[in-house]
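>>> I would like the atomic coordinates for the input below:
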Amino acid sequence: MQVETMADVMEWTRGAHANMARCLEHCSKASEHERVKMLLDYLVQHEKTLERVLDLSQQDASRQALNTWCYDYFDKAPVKPHEQCSDDFRDKTANEIITEVLAMHEKMIDLYRYMASRAEVPSTRALMESLLELEEHEAMRLARDTGRMADL
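Okay, the predicted model is just below:
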C-alpha cells in the first residue's frame with residue numbers, strides 16, 4: 001500500500017490493527033497454554049475494537065484533513081505498511097506478547113505524534129491529535145488490563 005494522504009495513514013493503521021487481530025486470533029487457536037490463550041483472546045477483541053473506532057473516525061473526519069498529503073513520514077520512519085504476522089505468539093510468554101503488542105502501539109503513537117507535529121492545516125492537526133490521544137489511551141488501558149490479568 002502506498003501511503004500518501006492522511007486517509008491512507010488511517011487506512012494503514014486500521015489495517016495494522018486488523019492484521020494484528022487476525023494474527024493473535026490464529027495464534028490463540030493454536031496455543032496449548034490456557035493463560036496465553038486468554039491473553040490472546042483479550043488482545044484480539046482490543047485490536048478489533050480499535051479497528052472499528054478507526055473506521056468510524058475516518059468516516060467522520062473532514063475531507064480536507066483526509067486529503068492532506070503526508071508521504072514523507074513513511075520515507076523516513078521504520079514503519080512498514082501492512083507488516084506481516086511473522087511472529088508466532090502461541091509459543092511466547094504473556095510478558096513477551098504484551099511487550100510486542102505494546103511496541104506496535106508505540107509505533108502508531110510515534111506516527112501520530114510526528115504527523116500532528118508536521119500538520120499545517122488545523123483540521124489535519126486536530127485529526128492526528130485525536131488519533132494520538134486514542135492510541136495513547138488504548139495503550140495505557142491495554143497495559144493496565146493485561147497487568148491485571150497477570151495478577152490472576
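>>> just name the shakiest helix or strand of this structure by mean pLDDT.
Using mean pLDDT, DSSP states H and E, helix 72-76 stands out as the lowest-scoring helix or strand of the chain, at a mean of 62.
>>> separation between Thr99 and Val53?
23 Å (CB to CB, to the nearest Å). Quick note: C-beta positions are derived from backbone N, CA and C, even for glycine.
>>> so these two - more neighbours on which side?
Counted by other CB atoms under 10 Å, Thr99 and Val53 do not tie: Val53 has more neighbours, with 16 against 11.
>>> give the contact list for the closest residue to the more buried one other than its chain neighbours.
Closest residue to Val53 apart from its sequence neighbours, by CB to CB, 6 or more residues apart in numbering: Leu134 at 6.7 Å. Under the criterion of CB atoms under 8 Å, 6 or more residues apart in numbering, the neighbours of Leu134 are Leu50, Val53, Ser57.
>>> in helices only, show me those.
Leu50, Val53, Ser57 (DSSP state H).
>>> which single one of those residues is nearest to Asp91?
For those, the residue nearest Asp91 by CB to CB is Leu50; the value is 24.7 Å.
>>> pull out the buried positions in the one helix or strand Met128 maps to.
Using DSSP states H and E, Met128 sits in helix 122-151. By neighbour count on 16 or more other CB atoms under 10 Å, the buried set for helix 122-151 is 123-125, 127-132, 134-136, 138-139, 142, 146.
>>> how far out from the middle of the chain is that helix?
On the basis of CA atoms, centre = their mean, to the nearest Å, helix 122-151 sits 9 Å off its chain's mean C-alpha point.
>>> and for stretch 30-40?
The chain centroid and the centroid of stretch 30-40 are separated by 21 Å under CA atoms, centre = their mean.
>>> same check, this time on stretch 6-17
With CA atoms, centre = their mean, you get 9 Å for stretch 6-17.
>>> now do that stretch, average pLDDT.
Averaging pLDDT along stretch 6-17 yields 90.
>>> with stretch 142-152 instead?
80.
>>> contacts made by that stretch with the rest, please.
Met38, Leu39, Tyr42, Leu43, His46, Ala94, Asn95, Ile98, Val101, Leu102, His105.
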